[in-house]
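K.L.:
Here is my input; please provide its structure:
(one chain, ligands or ions: 2)
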Amino acid sequence: MTDDVRTRTGGASGIGPPLWLLAELTYRCPLQCPYCSNPLDFARYRDELDTDAWIDVMRQARAMGAVQLGFSGGEPLVRRDLETLVDEARRLGFYTNLITSGVGLDEARIAALREAGLDHIQISLQAADAEVAAAVAGSAKAHAGKMAMARAVKAAGYPMVLNVVLHRHNIDDIDRVIALCDDLGADVVELASCQYYGWAKLNRAGLLPSRTQVERAEEVARQWRERLAARGRDMRLLFVVPDYHAERPKACMGGWGAIFMTVAPDGSVLPCHSARELPMDFPDVRERALEDIWYASEAFNRFRGDAWMPEPCRGCSERHQDHGGCRCQAYLLTGDPAATDPVCSKSPRHELIVQALDESSADHREVEGLISRHARNSRILCRG
Ligand code: SF4
Ligand code: FES
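P.N.:
Ligands and ions are numbered 1, 2, ... in the order given. Alright, predicted model coming up:
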């Protein structure tokens, strides 16, 4: 840390270094998932950091102590310099993870990424069959390609890590989704409930599963774990309960500005991938050093510690466990980024979650009613 930064942060202020760097290389993506976490106005961010700028970001982050590096997007494979960036990340000593839809991957590219030193690949699936997957992601061909690439990734010596975003249109099919992952030979399956940011928040009424759906899916996952264990099949099955169905909020990002740093395609530095939805200004890595941003920027210090917390968080014994929940969720639901996350049953605005769940019991079964992430929709939604 520079002396200047130490002075402004108070030196022994207790702020540790970032451990995780998420490099959102681009918001471009060939798919159009209606639950995409990219900002609604993603089409505005065309001016992406170039290769040298990303290498500089990685060097700065590594020098600060970051050890994990995730390449995501959008679809990071649309960046033709991905292998170059992976190569540099390996040279710097990062543990690297590629978070991809698998679209744009082929055997040659897997081999090149392996050669460059990529440690880990996570592929997302939309559904158990091509028809639902196509309706959700807007591509009829993607599903078959994902299957082939999941197998190719494993054949190249990586563990097969599959991520399935669950929502009301695929959660009742969870048995077939898990069976598909089992057939593919997956090593780890993350059944990740949709998080309601970005496009998913826009489409929440059409995506949020009912409590009955979630409870049933949890039970199916539990039964699968038992069957897998009985067969001696080593497939880790993770089921992430949706926030909206929990009593307490998640400790989002391990706390604001605690361990996690996202650099967006245009160089904005964010404490989480959704923060640009907040009514705040975020620093630009093209204008300011990463270390200065992390330790001294107003944005990163805004929700550190607990002095900013309102009641009931301020006097709550759980405040150091969940940090008052997610700032983005608090803002998207209440209009106040400093509010207690309404997911918490102690929140004075918890009725917002109850109402959303009541609405989700209404019949919104058609995938066609969802607004797809698409540059055209982005412009229409964000006009003015
Ligand atoms: Fe967490 Fe705040 Fe709820 Fe306490 S009141 S459990 S700190 S969100
Ligand atoms: Fe931004 Fe939780 S997603 S703080």
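
K.L.:
mind listing the strands for the stretch 201-350 of the chain?
P.N.:
According to DSSP state E, counting those that start in this stretch, the stretch 201-350 of the chain carries its strands in the segments 236-240, 260-263, 269-270.

K.L.:
Quick check: the gap between residue 98 and ligand 1.
P.N.:
Separation of residue 98 from ligand 1 (CB to the nearest ligand atom, to the nearest Å): 33 Å. In this view, the C-beta of every residue, glycine as well, is placed from N, C-alpha and C.

K.L.:
in terms of contact, does that residue touch residue 117 like I think?
P.N.:
No: Residue 98 lies out of contact with residue 117 (CB atoms under 8 Å); the separation is 11.6 Å.

K.L.:
Give the residues shared as contacts by these two.
P.N.:
residue 86 (CB atoms under 8 Å, 6 or more residues apart in numbering).

K.L.:
which one of these two has more residues nearby?
P.N.:
Legend: neighbour count by other CB atoms under 10 Å for residue 98 and residue 117, higher for residue 98 (24 against 15).

K.L.:
For the more buried one, give me the pLDDT.
P.N.:
With respect to pLDDT, residue 98 has a value of 97.

K.L.:
That one is in what secondary structure piece?
P.N.:
Secondary structure assignment for residue 98, by DSSP states H and E: strand 95-100.

K.L.:
So which bits of that strand are buried?
P.N.:
96, 97, 98, 99, 100 (16 or more other CB atoms under 10 Å).

K.L.:
Check stretch 305-320 too.
P.N.:
For stretch 305-320, the neighbour count (16+ other CB under 10 Å) marks 305, 308, 309, 313, 316, 319 as buried.

K.L.:
was I right about residue 120 contacting residue 161?
P.N.:
Yes: counting by CB under 8 Å, residue 120 touches residue 161, with 7.0 Å between them.

K.L.:
Look at these two and report which has more neighbours.
P.N.:
More crowded of residue 120 and residue 161, by other CB under 10 Å: residue 161, with 21 against 16.

K.L.:
if I pick that one, what's in contact with it?
P.N.:
By CB under 8 Å, 6+ apart, the contact set of residue 161 is 120, 121, 122, 123, 186, 187, 188, 189, 190.

K.L.:
What of residue 333?
P.N.:
Residue 333 is in contact with 339, 342, 349, 352, 353, counting by CB under 8 Å, 6+ apart.

K.L.:
Could you give the number of residues near the closest residue to the first one other than its chain neighbours?
P.N.:
It stands for residue 339. Closest residue to residue 339 in three dimensions, ignoring its sequence neighbours and counting by CB to CB, 6 or more residues apart in numbering: residue 330, at 4.4 Å. As a burial measure, residue 330 scores 26 neighbours (other CB under 10 Å).

K.L.:
How confident was the prediction at residue 330?
P.N.:
At residue 330, the pLDDT value in this model is 97.

K.L.:
Next: the one 3 residues further on.
P.N.:
Note on residue 333: pLDDT of 95.

K.L.:
ok, now how distant is it from ligand 2?
P.N.:
In terms of CB to the nearest ligand atom, residue 333 sits 12 Å off from ligand 2.

K.L.:
Stretch 199-206: which residues count as buried?
P.N.:
By 16+ other CB under 10 Å, the buried positions in stretch 199-206 come out as 199, 200, 201, 202, 203, 204, 206.

K.L.:
just checking, which of the residues you listed belong to helices?
P.N.:
Counting by DSSP state H, the buried residues of stretch 199-206 place 199, 200, 201, 202, 204, 206 in helices.

K.L.:
which one of the residues you listed is nearest residue 323?
P.N.:
Set against residue 323, the nearest of these by CB to CB is residue 201 (20.8 Å).

K.L.:
residues touching that closest one, list them.
P.N.:
The contact partners of residue 201, taken as CB under 8 Å, 6+ apart, are residue 332.

K.L.:
again, only using 10 Å
P.N.:
35, 37, 40, 194, 195, 207, 274, 277, 328, 329, 332, 333 (CB atoms under 10 Å, 6 or more residues apart in numbering).

K.L.:
The strand holding residue 98 - contacts with which helices or strands?
P.N.:
When contacts are defined as 3 or more CB pairs under 10 Å, 6 or more residues apart in numbering; DSSP states H and E, strand 95-100 sits against strand 20-24, strand 68-72, helix 82-92, helix 107-116, strand 120-125, helix 142-155, strand 161-166.

K.L.:
Now with 6 Å, please.
P.N.:
Packing partners of strand 95-100 (3 or more CB pairs under 6 Å, 6 or more residues apart in numbering; DSSP states H and E): strand 68-72, strand 120-125.

K.L.:
mind checking how far the closest residue to ligand 2 within the stretch 101-250 of the chain is from residue 263?
P.N.:
With CB to the nearest ligand atom, the shortest gap between the stretch 101-250 of the chain and ligand 2 falls at residue 197, namely 6.0 Å. Per CB to CB, to the nearest Å, residue 197 is found 18 Å from residue 263.

K.L.:
could you dump the strands of the stretch 201-350 of the chain to TSV with distance to residue 57 and mean neighbour count?
P.N.:
Shown next, in TSV, are the strands of the stretch 201-350 of the chain (distance: least, CB to CB, whole Å; neighbours: other CB atoms under 10 Å):
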stretch	distance to residue 57	mean neighbour count
strand 236-240	29	15
strand 260-263	5	24
strand 269-270	9	25
